[in-house]
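> Just the structure for this:
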Amino acid sequence: MTDEKQEGGASRRDLLGGAAVGIAAVSAMARPAMAQEQKSPGAPMSERAAGFATPPFPKQKQPWPGLTSKMSPRPDHGESSYRGSNRLAGMKALITGGDSGIGRAAAIALAREGADIAINYLPAEEPDAQELGALVKQAGRTFVTLPGDIRDEAFCRKLVADAHRQLGGLSILVNNAARQVSQTSILDISSEQFDTTLKTNVYAMFWLSKAAVPLMRPGSSIINTTSVTAYDPPENIIDYACTKAAIMNFTKGLAKQLASKGIRVNGVAPGPVWTPLQVTGGQEPDKLVTFGSDTPMGRPGQPAELGPLYVALADPMLSYTTGQIFGAVGGRGGP
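Residues are numbered from 1 along each chain as shown. Sure, this is the predicted structure:
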């Protein structure tokens, strides 16, 4: 293939070289603190990740919605490891489920890239929200807390309006909050559980996106957290898995609808990740002991390993990337 010149005089080789540098930078930001201290920057990724927790884990269970501080081991959200480079300076982000887990990792990464942050969470999660707030403010960014139940349509509309007003705009919406309850038989899934799972995972995403779109300018993005279960549903979380398949399809369809407005819509599909979702009924306590051991990496992911994906998808430089699902599954099947 010839090294054809693009507009502005850059060659195909130049552009590919720049892309490789960008990918390397994203990979570097995801390193855990322990791995950075123990290994050189040139060490293989398997060595850099040596500091992440591996099974077996202690048996544990918390009441919904759970707290990060009570998990053993405590999840890594990139508190000590993520280093930003001002890629998202001036942007304004609303993240549901932003107090803990993947949402917290996204919030930390986005803030350290220059974005102001508003998070939604349940009132019982206030301690986690305050921990995150200290980190966001430490990064010099605005931090807005908007607790409440996103299963209510009127609240979702108010949530978006309040985030827009208090942040002074809205350029990133991360639909991340989720409910997951393990049941080994369909006979054990009550209509109440099914309704709660769908309203939290699907209805809220619809209501929030619908409210956000009129407030977003070209260059904005919506990022939805789907799951590897959309592709390979486990037998014990069939209601959760069907919502994640719906999120995947919603993401792809809405991306087509909003492309002409300059608003991108993409998704992240995690595999097993160590978050409060798992210890509050998402998995049976006995299964938590070996959680993530069936992946090729032999462990669950840590939220810190997903934060850079949300940064990349929020970055306006990825202006031709929309309607895509990006997996972080530890080598197992998925997108």
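> Secondary structure class of the nearest residue to residue 293 once chain neighbours are set aside, three-state.
Closest residue to residue 293 apart from its sequence neighbours, by Cβ to Cβ, 6 or more residues apart in numbering: residue 55 at 4.5 Å. For every residue, glycine as well, the C-beta is placed using N, CA and C. Here residue 55 is coil, with the state taken from DSSP: H, G, I helix; E, B strand; the rest coil.
> Show the backbone phi and psi for the residue nearest the centre of the chain.
In the chain, the C-alpha nearest the mean C-alpha coordinate belongs to residue 102, at 4.5 Å (Cα atoms, centre = their mean). For residue 102, the backbone dihedrals (degrees, to the nearest 10) come out as phi -60, psi -40.
> Now do the residue nearest to residue 293 against residue 272, distance only.
Distance, residue 55 to residue 272, by Cβ to Cβ, to the nearest Å: 10 Å.
> Run the chain-centre distance for stretch 123-131.
Distance, stretch centre to chain centre, for stretch 123-131: 18 Å (Cα atoms, centre = their mean, to the nearest Å).
> Can you tell me what sits against stretch 284-302?
In this structure, residues lying in contact with stretch 284-302 by Cβ atoms under 8 Å, 6 or more residues apart in numbering are 32, 49, 52-61, 75-77, 182, 236, 270-274, 278-279, 283, 328-332.
> Stretch 139-147 too?
Here stretch 139-147 makes contact (Cβ under 8 Å, 6+ apart) with 84, 94, 108, 111-112, 114-123, 125-126, 129, 132-133, 136-137, 159, 162-163, 166-167.
> could you flag which of these are buried?
Buried by 16 or more other Cβ atoms under 10 Å: 84, 94, 108, 111-112, 114-122, 125, 129, 132-133, 136, 159, 162-163, 166-167, out of these.
> So which of those sit within helices?
108, 111, 112, 129, 132, 133, 136, 159, 162, 163, 166, 167 (DSSP state H).
> coming back round to it: count of neighbours near the residue nearest to residue 293?
Residue crowding around residue 55 was assessed by other Cβ atoms under 10 Å; the count is 14.
> got a pLDDT number for it?
Residue 55 carries a pLDDT value of 97.
> From residue 112, how far out is residue 78?
Applying Cβ to Cβ to residue 78 and residue 112 gives a distance of 8 Å.
> Same check on residue 102?
Plainly put, residue 102 is 16 Å away from residue 112 if you go by Cβ to Cβ.
> Equivalent analysis for residue 269, please.
Distance of residue 269 to residue 112, given as Cβ to Cβ: 24 Å.
> Residue 103 too?
Distance, residue 103 to residue 112, using Cβ to Cβ: 15 Å.
> Next: residue 96.
20 Å.
> what about the strands in the stretch 1-150 of the chain?
Shown for the stretch 1-150 of the chain, the strands assigned by DSSP state E, counting those that start in this stretch span residues 92-96, 116-120, 143-145.
> Could you tell me how many residues sit around residue 203?
Counted with other Cβ under 10 Å, residues neighbouring residue 203 total 17.
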